[in-house]
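Student: Just the structure for this:
(one chain, ligands or ions: 2)
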Amino acid sequence: MKPKLLHISTIGCQMNVYDANQIAGVLAPLGYIGTDAIESADMVIVNTCTIREKAEQKAFSYLGRLAKIKIANPSLIVAVGGCVAQQEGETILKRMPHVDLVFGTHAIFRLPEMVRRIESSRCRIVDVRLSDTIDVDGPVAGPVSDGQVSAFVTIVRGCDNYCTYCVVPHVRGREASRDPDRIIEEIRMRVEQGVREVTLLGQNVNSYGSKEGLCSFAELLARVDGVDGLSRIRFTTSHPKDLSDDLIRTFGRLEKLCHHIHLPVQSGDDGILKRMNRKYTRNAYLEKIAGLRTACPDIAITSDFIVGFPGETDRQFQATLGLIESVRYDGLFAFMYSDRPNAPAAAFSGKIAESVKKERLQALLNLQETITREKHQAIVGQTLQILVEGPSRGLKSDDTDSASQPVRWSGRASSNHIIHFAVPDDLLTKKELLTGTFADIMIEGAHAHSLWGRLIRGPKNAAPGKGETTIAA
Ligand code: 5AD
Ligand code: SF4
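Tutor: Ligands and ions are numbered 1, 2, ... in the order given. The predicted model follows:
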């Protein structure tokens, strides 16, 4: 079978990155192989996101640009997947004559059949059916790339929380947890493919299994911890209301669980939290943070914030800044509130002017930047163990311009900080031994957005218990 070239563009969250991998996996048996070159592709799939207005606009403008590519190559199949596809369905076909296929968030496993139909009869198809189960027809893991150290594994799909600003329950469907045996099976497969770190994914991983009566999330983590050859476990995203004491204690206990939690708070004001339907108070959140730091004193904590939620007063925004000052996050993502279709907050009164949202966003980011700089400076001089991922992004492995500018590689500390380091010449020829191994880095410098240091020990085989390899730095 002559290979056909598939280009997948992914916009948005980690869930979409996972879905893109599955899409590649289900289309491989039809002869599709991945390409970066969109101009020579036989099919382009745009994996879209609609969590915020900006992401949706980005998806539509990207799709608009594909019209020209289709004029140059009329046999090109253009498909739209993900949350915008789920939300807009047929409207996309009407609005964009160059689009052949619109498939929703639950339709990935029906793709092969739909693509075959399009290939044979050039029909146009929309499939945005949602189902309540997740394991019936998938997911299966797609291909890994060369030297890929880390992989996502979905454990929960959809969300039942209905935060009032959020479109996710409307486009990803009801919450459904995967069977633990299937999860372990997928992780074992990833390890066999060379992956050393997995990130368990879900809109709200802490509620894993509760609806179906499966094991708890803490129990699942313990099972994942037992997978031979796996070095590290991460998970995202956690909802503060479902962060159990049991799960908090897990951080100090499981060897492979990284010392980092992403715990979105969204706002530091009780009135706003209530109208967001977040189901916790500022104090309850702060107690969870204190519990995490007691169980695991070096845990890194990151969060998400929304500024300019309808009705947010200046005093309420100041409460958010106060929360950031008291938690002193290791990092955060902050967004200006935007109305989303079907989300109740779209109908709330008291909409905040864009200029005010921008000012608040800037103030929040400035505050966090100061905190991040201070926290980064405190790391300078320490030695951190990292899992080596490969050449630093934007730099090529043979990017040696002078002795003072050695090749930079990077890896992640348990805290999720990305650390850049110079690779000694004698190790450069042994790249495969460096990627996916643990190395100790002495942190020598820091900016607001990056940390770098010197390789002082390593590489070590990343699978705990297997000892060091013969290479010494
Ligand atoms: N407006 C702005 N930010 C939003 N988020 C979700 N919905 C909206 C919205 N309507 C943010 C939240 C969430 C993150 C993934 O996106 O902070 O945690
Ligand atoms: Fe959206 Fe809230 Fe569910 Fe997160 S928990 S996906 S913010 S509804």
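
Student: quick one: low-confidence parts of the stretch 101-250 of the chain?
Tutor: The model of the stretch 101-250 of the chain has pLDDT under 70 over residues 134-140.

Student: Can you pull the residues of it lying near ligand 1?
Tutor: 165-166 (Cβ under 6 Å from any ligand atom). Just so you know, the C-beta spots here come from the backbone N, C-alpha and C atoms, and that holds for glycine as well.

Student: I'd like to know how far the nearest residue to Leu273 once chain neighbours are set aside sits from ligand 2.
Tutor: The shortest distance from Leu273 to any non-neighbouring residue, by Cβ to Cβ, 6 or more residues apart in numbering, is to Ser267 (5.5 Å). To ligand 2, Ser267 is 12 Å away according to Cβ to the nearest ligand atom, to the nearest Å.

Student: How many residues are close by Ser267?
Tutor: 24 (other Cβ atoms under 10 Å).

Student: any idea how far ligand 1 is from it?
Tutor: Ser267 is 10 Å from ligand 1, by Cβ to the nearest ligand atom.

Student: That residue contacts Thr320, doesn't it?
Tutor: Yes. At 5.4 Å, Ser267 counts as touching Thr320 under the criterion of Cβ atoms under 8 Å.

Student: so which helix or strand takes in the closest residue to ligand 1 within the stretch 101-250 of the chain?
Tutor: Closest contact between the stretch 101-250 of the chain and ligand 1, by Cβ to the nearest ligand atom, is at Tyr165 (4.0 Å). Following DSSP states H and E, one finds Tyr165 outside all helices and strands.

Student: what's the answer for Asn21, then?
Tutor: Asn21 belongs to helix 14-27 when elements are defined using DSSP H and E.

Student: Same question for the helix or strand that comes right after that helix: list its buried residues.
Tutor: Beyond helix 14-27 in the direction of the C-terminus, DSSP H and E gives the next helix or strand as strand 32-34. Neighbour counts over strand 32-34 (16 or more other Cβ atoms under 10 Å) mark 32, 34 as buried.

Student: orientation of the helix or strand just after strand 32-34 relative to helix 14-27 in degrees?
Tutor: Sequence order places strand 43-48 as the next helix or strand after strand 32-34, per DSSP H and E. Here the directions of strand 43-48 and helix 14-27 differ by 160 degrees (axes from the mean of the first three to the mean of the last three Cα atoms, to 10 degrees).

Student: Contacts for strand 43-48 next, please.
Tutor: Contacts of strand 43-48 with the rest of the structure, by Cβ atoms under 8 Å, 6 or more residues apart in numbering, involve 4-12, 16, 19-20, 23, 27, 32, 38, 55-56, 59, 62-63, 66, 69, 76-85, 115.

Student: Could you export it as PDB, CA atoms only?
Tutor: Below are the C-alpha coordinates for strand 43-48, written out as PDB (Å, rounded to 0.1, in the frame of the first residue of the first chain):
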ATOM      1  CA  MET A  43      -5.100  14.800   4.500                       C
ATOM      2  CA  VAL A  44      -5.000  17.600   7.000                       C
ATOM      3  CA  ILE A  45      -6.700  17.200  10.300                       C
ATOM      4  CA  VAL A  46      -7.200  20.300  12.600                       C
ATOM      5  CA  ASN A  47      -7.700  19.300  16.200                       C
ATOM      6  CA  THR A  48      -9.500  22.300  17.700                       C
END
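
Student: for the stretch 251-400 of the chain, what spans make up the helices?
Tutor: Taking DSSP state H, counting those that start in this stretch, the helices of the stretch 251-400 of the chain run over residues 270-275, 282-295, 314-327, 354-379.

Student: deepest of those, which one?
Tutor: Of the helices of the stretch 251-400 of the chain, the one with the most neighbours on average (mean count of other Cβ atoms under 10 Å) is helix 270-275, at a mean of 18.

Student: Can you name the residues in contact with that helix?
Tutor: So helix 270-275 is contacted by 164, 266-267, 280-282, 309-312, 316, 345, 348 (Cβ under 8 Å, 6+ apart).

Student: do that again at 6 Å, thanks
Tutor: 267, 281-282, 309, 312, 316 (Cβ atoms under 6 Å, 6 or more residues apart in numbering).

Student: Reformat those into TSV and put distance to Ile187 and pLDDT next to each item.
Tutor: Listed next are the contacts of helix 270-275 as TSV, based on distance: Cβ to Cβ, whole Å; pLDDT from 0 to 100:
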residue	distance to Ile187	pLDDT
Ser267	35	98
Thr281	36	98
Arg282	36	98
Phe309	37	98
Glu312	41	98
Gln316	42	98
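
Student: Separate out the buried members of the contacts of strand 43-48.
Tutor: 4-12, 16, 19-20, 23, 27, 32, 55-56, 59, 63, 66, 69, 76-85, 115.

Student: Sort out for me which of these are in strands.
Tutor: 4-10, 32, 77-81 (DSSP state E).

Student: how about the residues of the chain near ligand 2?
Tutor: Taking Cβ under 6 Å from any ligand atom as the test, the list of the chain residues beside ligand 2 reads 159, 161-163, 166, 168-169, 203-204, 239.

Student: Buried subset of the residues you listed, written for PyMOL?
Tutor: Buried subset of the residues of the chain next to ligand 2, written as a PyMOL selection, criterion 16+ other Cβ under 10 Å:
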select buried, resi 159+161+163+166+168+169+203+204+239
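
Student: Of the residues of the chain next to ligand 2, which is the nearest to Cys49?
Tutor: Proximity of these to Cys49 (Cβ to Cβ) peaks at Val168, which lies at 10.2 Å.

Student: what's the spacing between the residue of the stretch 351-473 of the chain at minimum distance from ligand 1 and ligand 2?
Tutor: Nearest residue of the stretch 351-473 of the chain to ligand 1: Lys357, at 9.5 Å (Cβ to the nearest ligand atom). In this view, Lys357 and ligand 2 are 18 Å apart by Cβ to the nearest ligand atom.

Student: quick one: that residue and Gly308 touch, right?
Tutor: Yes. The pair Lys357 / Gly308 is scored as a contact, 3.4 Å apart, by Cβ atoms under 6 Å.

Student: intersection of neighbour lists for these two?
Tutor: Met336.

Student: I would like the residues contacting the host helix or strand of Ile443, please.
Tutor: Assigned by DSSP H and E, Ile443 belongs to strand 438-446. Strand 438-446 is contacted from outside by 376-377, 379-380, 382-388, 419, 421, 451-460, 462, using Cβ under 6 Å, 6+ apart.

Student: Can I have the buried ones of those residues as a PyMOL selection?
Tutor: To isolate the buried members of the contacts of strand 438-446 in PyMOL, using 16+ other Cβ under 10 Å:
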select buried, resi 376+379+384+386+387+388+419+421+451+452+453+455+458+459+460+462
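
Student: quick revisit: could you pull out the buried residues of the strand holding Ile443?
Tutor: Across strand 438-446, burial judged by 16+ other Cβ under 10 Å covers 438-441, 443, 446.

Student: Got phi/psi on the residue located most distally from the centre of the chain?
Tutor: In the chain, counting by Cα atoms, centre = their mean, Ser121 sits farthest out from the average C-alpha position, at 36.7 Å. Dihedral pair for Ser121: phi -130, psi 10, per degrees, to the nearest 10.
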